[in-house]
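Novice: Dropping the sequence and predicted coords here.
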Amino acid sequence: MRRLSRSILALTVLPFTVSSQQSVPSWAQGATCYEVFVRSFFDSNGDGVGDLNGLTAKLDYLKGLGVRCIWLMPVAESPSYHGYDVSNYYKVEPAYGTNDDFKRMVAGAHRRGLKIIVDMVLNHSSDRHPYFQAALRDTTSPYRSWYIFSPTDGGKGPWGAPAWHKSPVRDEYYYGIFYSGMPDLNYNSPAVRAEGMKIADFWMRQMGVDGFRLDAVQYLMEDGPCLKDCVGTHQYLKEYGAHLHRINRNAYAVGEVWDPVDTLLTYYPDQLTSYFTFAPSDSLLWAVKRDTVGGLLDTWLRLQSAIPGQRYGTLQRNHDETRTLTLLEGDLTGARLSATLLLTLPGEPYIYYGEEIGMTGDKPDPRLRTPMQWTGATGGGFTTGTPWETFQPDTATANVAVQDTARGSLLNLYRTLIHLRATNQALAEGKLIALSSGDPGVAAYLRRAPNHTAMVVVNLSTSAKTLSVASLPGVMAAGSYWALDLMKNTKGPVFTVGKDGKIAYAVSVPARESVILDLVQRSRTTAP
């Protein structure tokens, strides 16, 4: 295995604050995004495989959920079920439909005010891609420089799996950090860098997408012993982000950087719009699982101080991870708490399809990506045929039809929280301010916008709490306030903030429930 150079990271002194050289487009302020695996969402023709026409048929469901953008896992032609090994970057996977079907889906989404973000796999292609086949079989092919070949086996990758794979044609090896069916593209080649830009042009100009989720961006460019987070990768992402904004000034790109915050921050300020941050999702779920706040807010506060404009994606789970309800061992109340935290804390939240109805799933990967459970009938309301992957055992009880009209369902909690985030300025864009609850089982914080403040109190513990939440001085303007419970639409007692701007508010929260309050100023006061 070639060793990862640490010299690149050593050049960066942390912590630091990045400038706001990029910003999220206006549509993303207060937006919640939704991740869809097309193969598993809705089958329109009864072949057991979800498709683009099926997604189009379900756009009203997503509009009603309140989300503002849809992230599609790969939809380009691929020999695999998941699509992360692309064999044709300019053609939709035939099992999903045609390029025209895709364009109709995008048009339908746009009519409903929904943005479309597609998963773009730039790090590697499929080993069945014609360019790789040409490079493999002909050492004089112009595509030979598009991939990385070696006369010797360079060893294993960072996960202990082989990174160099024996050629089936001659006595040599090719580099593919993920597996033999995904040979890495060589971004030291000007032709490969140009092709990446050309693919972006195609999907934005001809297919109508609003942006991309870039898979495995840390591994784009190798530089001698450096295999990950290399200088060339940062430079290419900077060029790529600028290119997208030349196509569309509201273009959006979110990158996958599956590493601690220190590494994440090296990808700002002027590369992609945003990056997923996985540390907050881990702290969120473990806080719920352990019934204690711990360092729950620490990562959010650090990201807020380092990255203006909430330019980071947050999530509970995605297509690579054990689903929330499975991780929480079937704790539906815990899933409600987790959703409440995600959707009231800063960042750009992403919801993996089916999380809103409590779908379960664990490794291996196909079991994380099972068909969407629309009804409890045979075929789950997903297909009239045989589904490409069997459903989870709880299809009869965890489905959209059961939860749609049930007032207290998880689905309707998601709807309420997503709409609140979209319409409440404080929850959409407000600064996070930690509050002290004096109880390790209670998370309390403010989201404060210039003219609007919301308070969130989440009781993770198994007993009801009546306590006072307090802030440091200077948090709010002096005056008399009343609190509107945003979930129940009821008013709480009037309270006063003195000239020191310090909050001290008494609140009662049932066991494992939450309170979300709009703090509305009644009048200014000079009271001590």
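Specialist: Nice, I can see it. The structure displayed is predicted, hence computed values, not measured ones.
Novice: Can you say which helix or strand has the closest residue in space to L296 that isn't next to it in sequence in it?
Specialist: The shortest distance from L296 to any non-neighbouring residue, by Cβ to Cβ, 6 or more residues apart in numbering, is to A287 (4.5 Å). C-beta coordinates here come from the backbone N, C-alpha and C atoms, glycine included. Assessed by DSSP states H and E, A287 sits inside helix 279-290.
Novice: and that helix, what does it pack onto?
Specialist: Packing partners of helix 279-290 (3 or more Cβ pairs under 8 Å, 6 or more residues apart in numbering; DSSP states H and E): helix 298-306, strand 312-315, helix 324-327, helix 332-344.
Novice: What's the first helix or strand after the longest helix seen in the chain?
Specialist: Determined from DSSP state H, the single longest helix within the chain is helix 231-247. Downstream of helix 231-247, the first helix or strand assigned by DSSP H and E is strand 252-255.
Novice: hmm, back to that, flag every buried residue along the helix holding A287.
Specialist: 279-281, 283-285, 287-288 (16 or more other Cβ atoms under 10 Å).
Novice: which parts of stretch 192-201 are buried?
Specialist: 192-193, 195-197, 199-200.
Novice: Closest to T370 out of those?
Specialist: I199 (29.9 Å; Cβ to Cβ).
Novice: Next up, the contacts around the closest one.
Specialist: Residues in contact with I199 (Cβ atoms under 8 Å, 6 or more residues apart in numbering) are 89-90, 120, 122.
Novice: Which strand or helix spans it?
Specialist: Per DSSP H and E: helix 190-201 holds I199.
Novice: after that helix, next one along is what?
Specialist: strand 211-214.
Novice: Low-confidence stretches in the stretch 401-528 of the chain?
Specialist: Applying pLDDT under 70 to the stretch 401-528 of the chain flags the ranges 523-528.
Novice: show me where it has strands.
Specialist: Secondary structure of the stretch 401-528 of the chain (DSSP state E, counting those that start in this stretch): strands located at 431-434, 442-449, 452-459, 465-470, 479-485, 490-491, 495-497, 504-509, 514-523.
Novice: Spit out the contact partners of the spatially most central residue of the chain.
Specialist: Central residue of the chain (Cα atoms, centre = their mean): Y350, 4.1 Å from the mean position. Counting by Cβ under 8 Å, 6+ apart, Y350 makes contact with 32-35, 71, 276, 313-315, 318.
Novice: Then G241?
Specialist: Contacts of G241 (Cβ under 8 Å, 6+ apart): 22, 253, 270-273.
Novice: Would you check which pair of those lies furthest apart?
Specialist: Of all pairs drawn from these, the one with the longest distance (Cβ to Cβ) is A253 and D270, at 12.3 Å.
Novice: neighbour count winner among those two?
Specialist: A count of neighbours by other Cβ atoms under 10 Å puts A253 above the other of A253 and D270, at 25 against 15.
Novice: Would you quantify the distance from the residue nearest to the more buried one when sequence neighbours are not counted to R369?
Specialist: Once flanking residues are discounted, A253 sits nearest to L272: 4.3 Å by Cβ to Cβ, 6+ apart. Between L272 and R369 the distance is 25 Å, computed by Cβ to Cβ, to the nearest Å.
Novice: can I see the domain layout of the protein?
Specialist: Domain ranges of the chain: 7-123+186-423, 130-175, 431-523, per automatic domain parsing.
Novice: mean confidence score for the second one?
Specialist: Taken as a whole, domain 130-175 has a mean pLDDT of 94.
Novice: Can you measure across it, start residue to end residue?
Specialist: 17 Å (Cα to Cα, to the nearest Å).
Novice: starting at the chain centroid, how far to that domain?
Specialist: 32 Å (Cα atoms, centre = their mean, to the nearest Å).
Novice: Then the longest one?
Specialist: Here the centre of domain 7-123+186-423 is set off from its chain's centre by 4 Å, with Cα atoms, centre = their mean.
Novice: G376: how many residues sit nearby?
Specialist: The criterion is other Cβ under 10 Å. On that basis, G376 has 16 neighbouring residues.
Novice: For R415, see how far away the nearest residue to it once chain neighbours are set aside is.
Specialist: Excluding its sequence neighbours, the residue lying closest to G376 (Cβ to Cβ, 6+ apart) is A396, at 4.0 Å. A396 sits 22 Å away from R415, going by Cβ to Cβ.
Novice: higher neighbour count, the two?
Specialist: Applying other Cβ under 10 Å to A396 and R415 shows that R415 carries more neighbours, namely 18 against 13.
Novice: ok, back up a step: which one of the buried residues of helix 279-290 is nearest S468?
Specialist: Distances from S468 to the buried residues of helix 279-290, taken by Cβ to Cβ, are shortest for A287, at 21.2 Å.
Novice: ok, the closest one - contacts?
Specialist: 293-294, 296, 341, 443, 460.
Novice: ok, and the closest non-adjacent residue to K363?
Specialist: Distance criterion Cβ to Cβ, 6+ apart; nearest residue to K363, sequence neighbours excluded, is T322 at 6.8 Å.
Novice: Secondary structure of the one you found: a helix, I assume?
Specialist: No - T322: not assigned to a helix; according to DSSP: H, G, I helix; E, B strand; the rest coil it is coil.
Novice: What is the burial count for it?
Specialist: T322: 16 neighbours (other Cβ under 10 Å).
Novice: repeat for P151
Specialist: P151 is flanked by 8 other residues according to other Cβ under 10 Å.
Novice: Can you name the residues that contact it?
Specialist: 171-173 are the contacts of P151 under Cβ under 8 Å, 6+ apart.
Novice: Could you identify which of those residues has the most neighbours?
Specialist: With neighbours taken as other Cβ under 10 Å, the top of those is Y173, carrying 18 neighbours.
Novice: Wait, that one touches G155, no?
Specialist: No - with contact defined as Cβ atoms under 8 Å, Y173 does not reach G155; the gap is 10.1 Å.
Novice: Give me the common contacts of the two.
Specialist: In terms of Cβ under 8 Å, 6+ apart, Y173 and G155 are both contacted by the residues W164.
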